[in-house]
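1. test case, fold it:
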Amino acid sequence: MITAPAPAPARTTRTSVGISRRAAYAAFGWVLIFVAWHVVWFFTVFRFPQSSAHFHGAAVVLYWAVDAITDVMWAVGIVLPLALGRPWGRRVPRWMLLWAAWTGCALLGARGIAGVADEAARAIGFSGGLTGMPIAQVMGTAHPSAWMSFAGAATEVLFVAGALMFGLAALAYQRAFPRPAVSSTS
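-> Presented below is the predicted three-dimensional model:
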């Protein structure tokens, strides 16, 4: 007699929490790679710190505002995966963690997909890419080294990978720690 296979066991809260923790640690692993890549990028491509010396007036204020916002995003991006994966993170309101994770996913994804599309447009013959900026304007030289070209393309792909990691961490956290049910009392 042929019997139907037994149904798969329902995902337990413990299993969901474990999956959420692993997804959060994967996102933190991406953060570590991203930080390391920026150190490599800084010492091999830029070789000098960026400064606001060539800006004047309101442009200086905008430069410093963008710099401050970016610094805050870095700080949140480093701590957020740990907050999603560690018990101390449950002290932070659920909505705040999820808002930050989904926002990070969207920003990293938009930046990465736009960068990959721009690089792909240049690779297939559009000299200005999607931005209309020639390679000399993007890279600072009309003839970038193989390393500079690789580093630029790898950075774009790294942004897309970050979007996937933060999205998976957010989704796993959302499933492991569902919104409390609202009781309707009349």
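2. mind checking the SS state of residue 40?
-> Of the three states, residue 40 takes helix under DSSP: H, G, I helix; E, B strand; the rest coil.
3. what do you get for residue 144?
-> Per three-state DSSP, the local secondary structure of residue 144 is coil.
4. so for it, what's the nearest residue that isn't a sequence neighbour?
-> Excluding the flanking residues, the one nearest residue 144 by CB to CB, 6 or more residues apart in numbering is residue 135, at 6.6 Å. All C-beta atoms are positioned from the backbone trio N, CA, C, and that covers glycine.
5. off-centre distance for the lowest-mean-pLDDT helix or strand in the chain?
-> Across the helices and strands of the chain, the lowest-confidence element by mean pLDDT, DSSP states H and E is helix 135-139, at a mean of 81. Taking CA atoms, centre = their mean, to the nearest Å, one finds helix 135-139 lying 24 Å from the centre of the chain it belongs to.
6. next, the buried residues of it.
-> By 16 or more other CB atoms under 10 Å, the buried positions in helix 135-139 come out as 135, 138, 139.
7. elements contacting that helix?
-> Counting contacts by 3 or more CB pairs under 8 Å, 6 or more residues apart in numbering; DSSP states H and E, helix 135-139 is packed against helix 146-176.
8. rerun at 10 Å
-> helix 94-123, helix 146-176 (3 or more CB pairs under 10 Å, 6 or more residues apart in numbering; DSSP states H and E).
9. give me the distance from whatever helix or strand residue 30 lives in to the chain's centre.
-> Here residue 30, judged by DSSP states H and E, is contained in helix 13-41. Centroid displacement of helix 13-41 relative to its chain, using CA atoms, centre = their mean, is 10 Å.
10. distance between the helix or strand just after it and the chain's centre?
-> Sequence-wise, the next helix or strand downstream of helix 13-41 (DSSP H and E) is helix 58-85. When C-alpha coordinates are averaged (CA atoms, centre = their mean), helix 58-85 and its chain have centres 12 Å apart.
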